[in-house]
Structure formats: C-alpha cells, structure tokens
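S.K.: I would like the atomic coordinates for the input below:
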Amino acid sequence: MDTALRRLVPPLPSVARLPEGQVDAAQEFVNRLRAAAPQFAAAAGAESAVVREVVPPARHRRERCRVVLRDADGGERDLTFLGTVSRQAAAERAFETQIREWLAAAPVGEAAGLVSDDEAPDGQAVDLTAWTAPPAPSAGLATVAMPALAPGAGLPTAVMAVPVAG
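M.R.: Here you go, the predicted model:
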C-alpha cells in the first residue's frame, strides 16, 4: 500500500508515570473494588460476582460500583451502588464494606435504599449513604447478670469537679 493513501493516525498519549513510592489513589480504589468481587459474591450468597464498572469519587461525582452477581441457577443480578462525593473516601475502605453489608442484609422495598439513576442499567441504584445497616444480631452472645449493690457499697460517692475550657 502506498504511504500517501494511509490515514494519518495521531500517536497514542504516553502513560503518565508517578514518581517512585507514590500510588494513584483512584486506581488503587478501582483495583480494590475489583479484587473484592469474590467477597461480594460470598456476602450475597451468589456463585460468582464481577465488578463491571468502578468510578472513584471526586469533588464533583459520587463513587459508584456496578456489580453483576451470578447465582447457582444461572440467574444474574445487576446492581449499581452509589457512595460519597469525596476524594478522601477513595482512600478509605468503607465503600466496599458497605457494599458487602448491603449484599449480606439483602434488604427489600424501602429498606433497600434504592434511588433513580439514569446511568444504572435498570434505572435504579442503591444509595449507600442513605441506607443504614441493620443492627448486628446478638445471637450467641452470653449475658451475665451483675450482682445488686447496696448504695455506697465499695463505689466512690464523692463528686469531682472537672474544669472545662470554654
């Protein structure tokens, strides 16, 4: 082929390298959520999970994660999770923990924290900032009865004044 007839293709941009020892927080966030896919599957009781999309948080956008769970019967559940709007959140591990807690709780109805989302495949996403995890069950915890004490039986009764700056 004649070189004059070839389309001119611009060169690819070079990969930006960070100085030694520095880690790109956004890329670490993405890698961490993708690596958590087996934990998401276990929490949901699914056979497997794939993290299809991860968007790290920034000043102008919420963190988001799209997880596809495959059940043993072959059925799939495609879920989108929304988190906070903060770059600091990218460094924390709270987002994947909240996703695991939501999947383990398997909430339905209003308790699920669903909001409309144009970018989610089914038009709804789980807003983890609005959802609150149910209290941990107390099953298996032993309760110990405390003996009744008579007033002043070995306990300090004097009141101490503590100065408070203000």
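S.K.: Now V68: which helix or strand?
M.R.: Here V68 sits within strand 64-70, counting by DSSP states H and E.
S.K.: need the next SSE after the helix or strand of the chain with the lowest mean pLDDT, C-terminal direction.
M.R.: Ranked by mean pLDDT, DSSP states H and E, the helix or strand of the chain with the weakest confidence is helix 87-91, at a mean of 58. Helices and strands here follow DSSP H and E; after helix 87-91, the next one along the chain is helix 94-105.
S.K.: With adjacent residues omitted, what lies nearest to A130?
M.R.: Closest residue to A130 apart from its sequence neighbours, by Cβ to Cβ, 6 or more residues apart in numbering: G113 at 5.0 Å. Every residue, glycine included, has its C-beta placed from N, CA and C.
S.K.: Same question for L69.
M.R.: L69 sits nearest to A46 (Cβ to Cβ, 6+ apart), 4.0 Å away.
S.K.: residue ranges for the strands of the chain, please.
M.R.: Residue ranges of the strands in the chain, as given by DSSP state E, are 48-55, 64-70, 76-82, 114-116, 124-127.
S.K.: wait, which of the ones you listed is closest to W102?
M.R.: Of all the strands of the chain, strand 124-127 sits nearest to W102, with 6.1 Å by Cβ to Cβ.
S.K.: And the closest one, what's buried?
M.R.: Buried residues in strand 124-127, counted by 16 or more other Cβ atoms under 10 Å: 125-127.
S.K.: quick one on the thing from earlier: need the strands of the chain in a markdown table (columns: mean pLDDT).
M.R.: A markdown table is the format used below for the strands of the chain (pLDDT from 0 to 100):
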| stretch | mean pLDDT |
| --- | --- |
| strand 48-55 | 94 |
| strand 64-70 | 95 |
| strand 76-82 | 94 |
| strand 114-116 | 92 |
| strand 124-127 | 93 |
